[in-house]
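Participant: below are the sequence and a predicted model for it; my questions follow.
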Amino acid sequence: MSETRQFLEKAIQQKKKVLTVQESKKILLQENFPINPTGFGTDLNEVITEAEKIGFPVVLKVSSHDIIHKSDVGGVVTEIRSTTELKERFEQMQQRISQKVPNAKIEGYIIEKMQSGIELLVGSTVDQMFGPILAFGLGGIYVEVLKDVVFRLIPIEREDATEMLSEIKAAKILDGIRGQPPINKKALVDLLIKTSTFVDHHPEIEELDLNPVFATEDGVSVVDARIILKVSE
């Protein structure tokens with residue numbers, strides 16, 4: 001039995017439905033997904049150590065099951081470029097969170113390499129009639145606003161993945177606009193296929209959300225990830 005399946009089955013036995021970002025990324029990294037460099041710390045010293053391992057600039061995010069939308073409570077800080085700035089931003093974040101959600105239980109803090117590029121969404125859900133479905137579209141804040149997402153039944157072939165790239169309304173963005181270079185479509189197609197295969201091989205997964213995925217001319221990088229498991233009540 002693979003390490004991934006062992007972890008998922010143990011989580012299900014423990015009635016753990018939603019995996020943390022750290023757990024989700026660890027699993028996907030084991031499965032060779034292009035995961036953005038990520039660290040985790042429970043206090044300022046650990047956060048600084050992880051940031052220096054990753055290298056600046058970094059993004060700092062709070063980790064708490066009680067905080068769903070981190071940005072709404074000041075739980076995300078981007079473009080941190082030094083240890084001194086990290087200390088300052090860390091303290092400011094703690095103050096904001098204590099004011100806005102004083103009862104939230106803070107598990108720790110996530111440190112990620114700062115990325116840029118086109119923000120995309122890759123994910124899956126389970127339809128009661130058709131089974132697992134792959135989703136692809138614009139990610140980040142654009143998901144809820146523009147709802148520019150297309151779907152395919154899992155598993156998909158390379159031809160399906162290529163078609164998905166051309167079917168979103170913002171397809172021209174992937175080809176480069178206003179002097180921007182086109183993204184690496186092969187890397188994105190590979191990610192869609194890898195996601196399809198991963199979900200197909202792990203029926204215990206109810207939902208997979210990779211958002212945002214940053215796409216550039218050099219490749220793709222999964223910045224945030226969430227795995228939801230099929231846990232019986």
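Facilitator: Right, received. Where do you want to start?
Participant: hey, where'd the helices end up in this structure?
Facilitator: Counting by DSSP state H, the chain has helices at residues 3-13, 21-30, 44-54, 83-100, 142-146, 158-167, 171-174, 185-201.
Participant: which one of these lies closest to Ser63?
Facilitator: Across the helices of the chain, Ser63 has its closest neighbour in helix 21-30 (6.7 Å, C-beta to C-beta). For glycine as for every other residue, the C-beta is placed from the backbone atoms N, C-alpha and C.
Participant: domains of the protein?
Facilitator: Structural domains assigned to the chain are 3-35+116-229, 38-113, following automatic domain parsing.
Participant: what is the least confident helix or strand in this protein?
Facilitator: Here the helix or strand of the chain ranked lowest by mean pLDDT, DSSP states H and E is helix 142-146, holding a mean of 66.
Participant: thought Arg89 was touching Val77?
Facilitator: Yes. With contact defined as C-beta atoms under 8 Å, Arg89 counts as touching Val77 (4.6 Å).
Participant: higher neighbour count, the two?
Facilitator: Val77 (21 against 17; other C-beta atoms under 10 Å).
Participant: now do the contacts for Val199.
Facilitator: Listed by C-beta atoms under 8 Å, 6 or more residues apart in numbering, the contact set of Val199 reads Ser124, Pro132, Leu134, Ile154, Ile205, Leu208.
Participant: and Lys185, by the same measure?
Facilitator: So Lys185 contacts Thr162, Leu165, Leu174 (C-beta under 8 Å, 6+ apart).
Participant: now with 7 Å, please.
Facilitator: Going by C-beta atoms under 7 Å, 6 or more residues apart in numbering, Lys185 touches Leu165, Leu174.
Participant: re the thing from before, so which of the helices of the chain is nearest Val223?
Facilitator: Closest approach to Val223 among these (C-beta to C-beta): helix 21-30, 9.6 Å.
Participant: in the closest one, which residues are buried?
Facilitator: Judged by neighbour count (16 or more other C-beta atoms under 10 Å), helix 21-30 contains these buried residues: Val21, Gln22, Glu23, Ser24, Lys25, Lys26, Ile27, Leu28.
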